[in-house]
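K.L.:
Model the structure of this input:
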Amino acid sequence: MNSKYLWTALAALIFLNGCNQDESSTLSTAVEPTKTDVELLNEQEWDDNRVYVTKDNYILMKEANGTIPGIMKPCFVVNSAKEWPREDLSNADSYDLPRVDFRWNNGKHDAYSVMTEKQIYEARDKIWSIKTDGTDLRLVTDFLDVVPMNKQNEAVPIRMMRRSPNNRYLAWSDSVNKVIFDLKTQESIVLGSDLGHSQFLWAEDSSYLYFEDRAKYWKYDIVSGKTTQMDDDFHFSEVGVIYGGKRYVVAGLGVSVYDEATGRELYGVSVLPIELAERDYLNINHERKMKYVLKNRSISPDGKYAWGESAQYRYFINLETKEVKSEKIVRSEVGDYQYFEQLGLNANYVRDGAGGVIFLKLNEDKTVPKDKWMNWPQVCSGHSATLSWLYNGFANNGAFIKEDK
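P.N.:
Below is the predicted model of the structure:
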């Protein structure tokens, strides 16, 4: 089958599923139905082989770069976000693979001309989600209920987002607001409005959320709506997970593991050498900071593996065996532990990027395969896409693609 017609059918399926439309089963032989704008557009021959999803939005199929030839991946052009299908919890097909939340301003801001209200809307940050194989792009929220359209809100920079384990709730923050968005009710709860640092950590059963506001740690109960300030000796970080009754906290120098019920620290795994970890861990001078302080971090959905990257080194941590593997970063070479921004279940897959994606199935020893990789542009409109965060990580046994296809 011609690939254009295959993707035309797929685009139609995406749109119909996203809008929950039902087709009439009534057959008529008297009058041929009028073709829609999308059908008419897709009948035309386009130089870039685009396939329209709505009259202003389309998909470009591009061959992925890498070691496997002929792999085609969709790149999304969204000129009208309000027309694009939203993530729908009732659509089971959207959750047969792990997914990734990310921020994307699908339109470009023009500082040198007077922009229309629609142009301003498209150029604002929004939160989107997509399957780990690069399909099924969905709009999660444009948060107009929290940050409405006006001259002061032309730019709304998203700083962080964390999805609940049951997929229903999205915690997000911009430069001011800390918010929970409920995908089921499409309603938002503003938790705080402080200009300071943001952190979120969901309960294993999605019943509560830890967050940071006004330099304090808080716990929000989903059912009661009650917010409680945590004690000074409570710890969590912007990268972590609660799983199996344990709270995994990936911090600047390693990982601490706590009993979630009692708050007691069970153990920690540091990236520092033993002699520093035991005697001199508080003395972090510039040289040690460059080697050991983790700027970029990730953790697998069950807390078994964690990863971090300092200015000079990368670290891969097995939290069951407490083993730490490391490598020095060489800018001209692909490292054994590079591209671990989204770390899959059992560290079998990794994924890195939002605007452009690097996708890898790791070797048995959890290192990057140098002979089997691919990358592709995920979005083909707008200014930038960043801040990817993995969720629904246990779907498909954690595999980022359907391996039988």
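K.L.:
which residues in the protein form helices?
P.N.:
Assigned by DSSP state H, the chain shows helices spanning 3-19, 37-43, 117-123, 274-279, 286-292.
K.L.:
Now the shortest one: average pLDDT?
P.N.:
This means helix 274-279. The pLDDT scores in helix 274-279 average 66.
K.L.:
ditto for the first one
P.N.:
Taken as a whole, helix 3-19 has a mean pLDDT of 53.
K.L.:
Please shift the residue numbers so they start at 51 in all later answers.
P.N.:
Will do, 51 is the new start, and the previous item becomes helix 53-69.
K.L.:
what comes into contact with stretch 364-381?
P.N.:
The contact list for stretch 364-381 (CB atoms under 8 Å, 6 or more residues apart in numbering) reads 298, 304-305, 307, 317, 319-321, 344, 353-359, 361-363, 385-388, 390, 397, 416. Where you see a C-beta, it was placed from the backbone N, CA and C, and this is true even at glycine.
K.L.:
Now, of those, which are buried?
P.N.:
298, 304-305, 307, 319-321, 344, 353-359, 363, 385-388, 390, 397, 416 (16 or more other CB atoms under 10 Å).
K.L.:
Now go through those and say which are in strands.
P.N.:
298, 304-305, 307, 319-320, 355-359, 363 (DSSP state E).
K.L.:
Could you identify the most distant pair in the residues you listed?
P.N.:
Across these, the longest distance by CB to CB is 22.0 Å; it joins Val307 and Tyr363.
K.L.:
just checking, Leu147 touches Asn446?
P.N.:
Yes: using CB atoms under 8 Å, Leu147 makes contact with Asn446 at a distance of 5.1 Å.
K.L.:
any common contacting residues for the two?
P.N.:
With contacts taken as CB under 8 Å, 6+ apart, Leu147 and Asn446 have Lys452 as neighbours in common.
K.L.:
rewinding a little: of all the ones in strands among the buried ones among the contacts of stretch 364-381, which comes closest to Pro207?
P.N.:
Using CB to CB, those come closest to Pro207 at Glu359, 23.1 Å.
K.L.:
So in terms of bridging, what pairs with that closest one?
P.N.:
Beta bridges link Glu359 to Asn346, Arg364, judged by DSSP bridges.
K.L.:
Now do it against Met340, distance only.
P.N.:
Per CB to CB, to the nearest Å, Glu359 is found 12 Å from Met340.
K.L.:
what about the residue lying closest to Lys422 once chain neighbours are set aside, how many neighbours?
P.N.:
The spatially closest residue to Lys422, leaving aside those adjacent along the chain, is Thr117, at 5.4 Å (CB to CB, 6 or more residues apart in numbering). Counted with other CB atoms under 10 Å, residues neighbouring Thr117 total 12.
K.L.:
How many residues are close by the nearest residue to Ile239 once chain neighbours are set aside?
P.N.:
Spatial nearest neighbour of Ile239, chain neighbours left out: Ile230 (4.5 Å); criterion: CB to CB, 6+ apart. Residues lying near Ile230 (other CB under 10 Å) number 22.
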